[in-house]
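1. need a structure here:
(chains A and B)
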There are 2 protein chains.
Amino acid sequence: MAGLTDDVGFLLSRASGLVVRATNAALAVEGLRVRQYSVLVLACDAAGGVSQRELADCLGLDPSQIVTLVDELTEAGLVERRPSPADRRTRLVGATPEGRRVRSRAARRAEAGVQRELAPLDDDDQATLRALLARVVAGSTGR
Amino acid sequence: MAGLTDDVGFLLSRASGLVVRATNAALAVEGLRVRQYSVLVLACDAAGGVSQRELADCLGLDPSQIVTLVDELTEAGLVERRPSPADRRTRLVGATPEGRRVRSRAARRAEAGVQRELAPLDDDDQATLRALLARVVAGSTGR
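-> Below is the predicted model of the structure:
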């Protein structure tokens, strides 16, 4: 029977925990945690904004968790809920100008946090890791 | 600026979340969650038992979280705290015979859960992923 430290599921969880912790530490100076930062990035990058349903699907979180994160970012003045131009009954989450400024700074800090933990891997290794993980995430049925 | 879905930190967190969820679902029939299962595996594999400090370091959890997990597994009759032969003031966590039986069944179930999420990767890809993640985990300073 394989030991825990040979188990790919365990290694994935452990490496993720290290990277999340380092990223949270790096983002603390911006008053953000990694989940808030992820919502902010998606709100910045979606032209016109992103729905809370899309946020939940992309991040693998429950809708109620998304509502809390969007509320926190709204309170901080970084995002706002706006009616969708396509359907005014739907509201989209978009970044404010301040949200875009914070995102630029936070992106550099988050990257530094991630790189601190990924230091054992060179650029090629990191590209390989990224590609393998992207295939796992893309293959998910969204459970 | 890289989008979220190209970010290796995001992909790691997302893939880990998928695998943890699938493993928890697979272990539910044994009445275990993945963190309890990890403690059980370490208690089974350490000759003579494992200290709570070692469990915390290996799993990247706080000592108080380890106490809770060991209490739950003790309550379920799967592990027990025993005095260390080397130092009777220290207690080690060891598996009971029932704990070893449950671990064998749970290992097969957990593996099936992990493989459901890693299906996009063939055996060679999974070996590459495992090796890359092991280097990240080994390189951690244990923060």
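2. quick one: pLDDT of residue A:1?
-> On pLDDT, residue A:1 comes in at 63.
3. Show me where chain A dips below the pLDDT cut-off.
-> A:1-2, A:141-143 (pLDDT under 70).
4. where exactly do the strands run in it?
-> Here chain A has its strands, by DSSP state E, at A:79-83, A:91-95.
5. could those strands be laid out in CSV, adding distance to residue B:57 and mean neighbour count?
-> (Each C-beta comes from the backbone N, C-alpha and C, glycine too.) Rendered in CSV, the data for the strands of chain A read as follows (distance: least, C-beta to C-beta, whole Å; neighbours: other C-beta atoms under 10 Å in any protein chain shown):
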stretch, distance to residue B:57, mean neighbour count
strand A:79-83, 38, 17
strand A:91-95, 39, 21
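6. residue ranges of the helices in chain A, please?
-> A:8-27, A:34-45, A:52-59, A:63-75, A:97-117, A:123-139 (DSSP state H).
7. In a markdown table: the ones you listed, plus mean neighbour count and distance to chain B.
-> Shown next, in a markdown table, are the helices of chain A (neighbours: other C-beta atoms under 10 Å in any protein chain shown; distance: least, C-beta to the nearest C-beta, whole Å):
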| stretch | mean neighbour count | distance to chain B |
| --- | --- | --- |
| helix A:8-27 | 22 | 4 |
| helix A:34-45 | 23 | 5 |
| helix A:52-59 | 17 | 7 |
| helix A:63-75 | 16 | 12 |
| helix A:97-117 | 18 | 4 |
| helix A:123-139 | 16 | 4 |
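8. ok now stretch A:131-143, how far from the chain's centre?
-> 15 Å (C-alpha atoms, centre = their mean, to the nearest Å).
9. which residues sit against it?
-> The set of residues external to stretch A:131-143 that reach it, using C-beta atoms under 8 Å, 6 or more residues apart in numbering or on different chains, is A:57, B:5, B:8, B:11-12, B:14-15, B:18-19, B:21-22, B:117-121, B:125, B:128-129, B:132.
10. I'd like the strands of chain A as TSV, with distance to residue A:26 appended.
-> Converted to TSV, the strands of chain A look like this (distance: least, C-beta to C-beta, whole Å):
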stretch	distance to residue A:26
strand A:79-83	21
strand A:91-95	20
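11. mind checking which of those strands is nearest chain B?
-> strand A:91-95 (12.4 Å; C-beta to the nearest C-beta).
12. just checking, what packs against that closest one?
-> helix A:34-45, helix A:52-59, strand A:79-83 (3 or more C-beta pairs under 8 Å, 6 or more residues apart in numbering or on different chains; DSSP states H and E).
13. Extract the C-alpha set from it and format it as PDB.
-> Coordinates of each C-alpha in strand A:91-95 appear next as PDB, following Å, rounded to 0.1, in the frame of the first residue of the first chain:
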ATOM      1  CA  ARG A  91     -26.500  41.700 -12.000                       C
ATOM      2  CA  LEU A  92     -22.900  41.300 -12.900                       C
ATOM      3  CA  VAL A  93     -19.800  41.900 -10.700                       C
ATOM      4  CA  GLY A  94     -17.400  44.400 -12.100                       C
ATOM      5  CA  ALA A  95     -14.200  46.000 -10.800                       C
END
